[in-house]
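# Next comes the sequence, and after it the predicted model I'd like to discuss.
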Amino acid sequence: VQLQASGGGLVQAGGSLRLSCAAAGRTFSRYVMAWFRQAPGKEREFVTAIRWSGGSTVYADSVKGRFTISRDNAKNTVYLQMNSLKPEDTAVYYCAARAYTVVVDSREYDYWGQGTQVTVSS
């Protein structure tokens, strides 16, 4: 399984970015795709997740109403639309995958993409 994250960059506070995570290597219909982030000196934290089949979503309280996760089945790609970005959203963002159920513990995810840096200036 390969996950390829992209779309990070530098944006001013209040701006938007869209991250992409392209998945390859297997059928993902029974998988959960998630985004985590890790700021310098902090632990990796759960941001959001989506079940590939059915599309149900879960969000961390810190991003509810600002971030939206979605998927494109035809492209095997998951997106993270980030709006109203804040300086505290600055982190390396990682996509991850695991089978069946959504969990927020990063240790429970089996597959990881490389990180993509998101920097929000004030």
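Alright, I've got the coordinates. No experiment lies behind these values; they were computed from the predicted model shown.
# contacts and neighbour counts: CA atoms only from here.
OK.
# Would you mind measuring from residue 21 to residue 60?
Noted for residue 21: a distance of 19 Å to residue 60, by Cα to Cα, to the nearest Å.
# Looking at these two, which is more packed in?
Neighbours per residue (other Cα atoms under 10 Å) separate residue 21 from residue 60, with residue 21 holding more: 25 against 14.
# Does the more buried one touch residue 95 like I think?
Yes. At 6.3 Å, residue 21 counts as touching residue 95 under the criterion of Cα atoms under 8 Å.
# Next, show the common contact partners of these two.
Common contacts of residue 21 and residue 95 (Cα atoms under 8 Å, 6 or more residues apart in numbering): 3-5, 113.
# so the residue nearest the centre of the chain bridges to which residues?
Central residue check for the chain by Cα atoms, centre = their mean: the C-alpha nearest the mean position is that of residue 35, 2.3 Å away. As for beta bridges, residue 35 partners with residue 48, residue 95 under DSSP bridges.
# Going by secondary structure, residue 71 is in what exactly?
For residue 71, the host element (DSSP states H and E) is strand 67-72.
# Which positions in that strand come out as buried?
Across strand 67-72, burial judged by 16 or more other Cα atoms under 10 Å covers 67-71.
# try stretch 3-12
When burial is assessed from 16+ other Cα under 10 Å, stretch 3-12 yields the following buried residues: 3-6, 8, 11.
# what do you get for stretch 72-91?
Going by 16+ other Cα under 10 Å, stretch 72-91 has these buried residues: 76-80, 82-83, 85-86, 89-91.
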